[in-house]
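Asker: Next input, structure requested:
(chains A and B)
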Amino acid sequence: MSINAEEISALIKQQLSGYKDDLAVEETGVVTYVGDGVARAHGLDNALSGELLEFENGIYGMAQNLESNDVGIVVLGDCTHIREGATIKRTGKIMEVPVGEEMVGRTINSLGQPIDGKGDIKTESSRPIEKKAPGIMDRQSVSEPLQTGIKSIDALVPIGRGQRELIIGDRKTGKTSIAVDTILNQKDQDMICIYVAIGQKDSTVRSQVATLEKFGAMDYTIVLSAGPSEPAPLLYIAPYAGAAIGEYFMNQGKHVLIVYDDLTKQANAYRELSLILRRPPGREAYPGDIFYTHSRLLERAAKLSDKLGGGSMTALPIVETQAGDVSAYIPTNVISITDGQIFLNSDMFYSGTRPAIDAGTSVSRVGGDAQIKAMKQVAGTLRLDLASYHELQAFAQFGSDLDDATQAKLNRGARTEEVLKQPLHAPLPVEKQVLILFSLTHGYLDNIAVDDIQRYQTELFNFFDASHRDLLDTIVNTGKLPEGDALANAVDEFTKSFTPSKQEETQNN
Amino acid sequence: MLDKITFAKRYSKALYEVLEEQNQVEAGLSELLSIKNVFDDNPSLSRVLTDVSFPEDKKESLIKPLIDNSDVEYVKNLLKVLLGANKMDEFTLIVEEFERSYNEKNKIVHADALSVVPLSDEQKQKLTDVFKARVGANEVILDNKVDQSLIGGVILKSSNVIFDGSVKTKINNIKKLLLS
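Answerer: This is a model prediction of the structure:
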């Protein structure tokens, strides 16, 4: 290949066209303290709060505390090369993160730089990571459903597009799995998913990305990871950076799902840097503005008005509790900010009810409006049924002489629990959820052994796929149950043909 | 505990106010600057004066010539107070703060001019005039320093602000532009 000198000089000329021969005026300060990811500097008299500052060696920092004599700065990067006495420059810019379509399918860090080894991300634009949330007139109420593909969520705590639903539970109760399964179910739903991993082990994030790739979900997903070995400021800004990327898509009228996994670790990172910046500690040593830290983040999730394109950003923040204590500081804060919570119970998880969603304490405050009509029809009484089942279950332990009505309730409850169980990474489309819940609430499962229910469900779906696809399509297209008895007849037909594994058990149970 | 800067600011403010009442600001400033020179020339002096293991009477005899040489009563008193409070190491900071408030009041600006070759008097005068107009000062005290690494042009440094017109920076900017 020959090198054309003219082409090269044209290229250089083009690149240099942006150069201005101006006198560079820089406001500087002198570093007086460095340590633990935080620096202090004298000077910088006109620095703005949150402004990006540049150290001598090209590392950036963010002005946090503006005090009478100095400025408290969080260092966004390796602070071991910053010395006392080094100069620091103002940049006049607020912290920004690159945004664009090119980011989809990539794994990035809090600064928007790729960490997946797939080369540079060439984006056209960037957005400030801290931006005021859309106001009252910019929003409309949540009306479209976000199908998670998880029966117990879509039936009991439905989530709408633009909602903020908290996933809360002890360690190892399947919080992340719910979020990942929800992302998996957004395939072909015209949804951009952003998974923000804050302080998650790099090995965990790696396997999470592998799962997403395996199910083809990386085609519409961005993974933003701030690992535990990163300095605390990067963990602190990670969710804001994720929200900025999400807003870019939302403002284009697209639908975005963003998962913050998890905000407990972000709060810990913010506590760390606040204490080092010598802000006064409050309850549980968190700084005074820890509530605002989370509220301004989650407020950015919105369903935009039609005038602004009608895009949405649904947020699924995750919070970890210690021994089921939801009355700790961070859990109560985030519960009060969000539009509902999915509570995962570790006892249920270990007894085999997975996903371990506690129907009693989980709520969705706005998602009901977003549920499709067919689902409302079949799942309306499910929550009450479950609640009374759990109540009766405790009493039924004492004796076996129960009247028929109680026995029937117990039977139905046991089957409801069984139906709501779902294996990992196997999201169900909404029409099939409606179908199995229809069979349950109309009593078709009452004579099926509890052990047979999973098999019944699989065969029922196969049967409908083969012979009654039209009924399923009706649910998808109209959002309502098919008129008349068509659905009931079809389920009846299948139930009659279903062969139980053990004949005698069906009669006893 | 107060940090050093806050401490120095308070003492310099008090001293400035009291000297202003007595119309002795200029005299005080020159006294302070000459004493500061002594401290700057002997870096161990302030350390010795705040060392608790060093006997008090020896500290007094060390500082005595400085006090006796001073004509301004308030400067003498400042030295005595600082010695008594074991805060002699703050003295240079206090003087710097004092000078800063004096400069602020009289709109005097100190500036360091870095250049590759020493500036001629004419160039200095031109630079001073331009800079005076730019920052709105009554007087600009220019300190010319030579820095070979600039390649060309001048850098003006004045209290936290850098006016960078050096060839080195311009080349670096072009480098950044080409690499991005």
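Asker: how about the residues of chain B that lie near chain A?
Answerer: B:3, B:5-6, B:9, B:159-165, B:169-170, B:173-174, B:177-178 (C-beta under 8 Å from any C-beta of the partner chain). In this view, the C-beta of every residue, glycine as well, is placed from N, C-alpha and C.
Asker: Just the buried residues from those residues, in ChimeraX please.
Answerer: Entered in ChimeraX, the line below selects the buried ones among the residues of chain B next to chain A, by 16 or more other C-beta atoms under 10 Å in any protein chain shown:
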select /B:5,9,160,161,162,163,164,165,169,170,173
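Asker: Now do the buried residues in stretch B:93-113.
Answerer: So for stretch B:93-113, counting by 16+ other C-beta under 10 Å, buried means B:93-95, B:97-103, B:109-111, B:113.
Asker: likewise stretch B:143-163?
Answerer: Of the residues in stretch B:143-163, B:144, B:150, B:153-158, B:160-163 count as buried by neighbour count, 16+ other C-beta under 10 Å.
Asker: Point me to the residue of the stretch 401-509 of chain A nearest chain B.
Answerer: Chain B sits closest to A:His425 of the stretch 401-509 of chain A, with a gap of 41.3 Å, by C-beta to the nearest C-beta.
Asker: how many other residues sit next to that residue?
Answerer: Neighbour count for A:His425, taken as other C-beta atoms under 10 Å in any protein chain shown: 15.
Asker: For it, pull up the helix or strand it's in.
Answerer: Counting by DSSP states H and E, no helix or strand carries A:His425.
Asker: thinking again about what came up before, from the residues of chain B next to chain A, which ones fall inside strands?
Answerer: Using DSSP state E, the members of these that fall in strands are B:161-164.
Asker: For the residues you listed, which two are the farthest from each other?
Answerer: B:Val161 and B:Asp164 (10.0 Å; C-beta to C-beta).
Asker: Mutual contacts of those two, please.
Answerer: Shared contacts of B:Val161 and B:Asp164 (C-beta atoms under 8 Å, 6 or more residues apart in numbering or on different chains): A:25-26.
Asker: re the thing from before, contact partners for the residue of the stretch 401-509 of chain A closest to chain B?
Answerer: A:177, A:180-181, A:184, A:211, A:215.
Asker: With A:Leu166 as the reference, measure out to A:Arg365.
Answerer: Counting by C-beta to C-beta, to the nearest Å, the separation of A:Arg365 from A:Leu166 is 11 Å.
Asker: Repeat that for B:Gln24.
Answerer: 68 Å.
Asker: Those two - which one has more neighbours?
Answerer: A direct count of neighbours by other C-beta under 10 Å for B:Gln24 and A:Leu166 places A:Leu166 higher, at 25 against 17.
Asker: Surely that one touches A:Thr332?
Answerer: No: using C-beta atoms under 8 Å, A:Leu166 and A:Thr332 do not qualify as a contacting pair, with a distance of 11.0 Å.
Asker: Once you drop chain neighbours, what's closest to A:His390?
Answerer: A:Gly360 (7.0 Å; C-beta to C-beta, 6 or more residues apart in numbering or on different chains).
Asker: is it true that that neighbour lies in a strand?
Answerer: No: judged by DSSP: H, G, I helix; E, B strand; the rest coil, A:Gly360 forms no part of a strand; its state is coil.
Asker: Was I right to think it contacts A:Leu384?
Answerer: No: using C-beta under 8 Å as the test, A:Gly360 is too far from A:Leu384 to be in contact (10.9 Å).
Asker: Between the two, tell me which one has more neighbours.
Answerer: A count of neighbours by other C-beta under 10 Å puts A:Gly360 above the other of A:Gly360 and A:Leu384, at 13 against 10.
Asker: contacting residues for that one?
Answerer: By C-beta under 8 Å, 6+ apart, the contact set of A:Gly360 is A:386-387, A:390.
Asker: What of A:Thr176?
Answerer: A:204, A:208, A:261, A:318.
Asker: So what's the residue count around the closest residue to B:Val146 other than its chain neighbours?
Answerer: Using C-beta to C-beta, 6+ apart and skipping residues adjacent in sequence, the residue nearest B:Val146 is B:Pro118, 5.9 Å away. For B:Pro118, the tally of surrounding residues (other C-beta under 10 Å) stands at 10.
Asker: Domain ranges for the chain, per the record?
Answerer: In the absence of a named chain, chain A is used. A:28-94, A:98-371, A:377-508 (automatic domain parsing).
Asker: my bad, the chain I had in mind was chain B
Answerer: Following automatic domain parsing, one gets these domains for chain B: B:4-103, B:107-179.
Asker: quick one: which of the domains of chain A is nearest B:Asp41?
Answerer: Across those, B:Asp41 has its closest neighbour in domain A:28-94 (21.1 Å, C-beta to C-beta).
Asker: joint contacts of A:Arg365 and A:Leu166?
Answerer: In contact with both A:Arg365 and A:Leu166: A:Gly340, using C-beta under 8 Å, 6+ apart.
Asker: where along the stretch 101-250 of chain A do the helices fall?
Answerer: For the stretch 101-250 of chain A, the helices defined by DSSP state H, counting those that start in this stretch cover A:151-156, A:175-184, A:202-214, A:232-250.
Asker: Just put the ones you listed in a markdown table and tack on mean pLDDT.
Answerer: A markdown table is the format used below for the helices of the stretch 101-250 of chain A (pLDDT from 0 to 100):
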| stretch | mean pLDDT |
| --- | --- |
| helix A:151-156 | 94 |
| helix A:175-184 | 96 |
| helix A:202-214 | 96 |
| helix A:232-250 | 96 |
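Asker: for chain A, which strand is longest?
Answerer: strand A:24-35.
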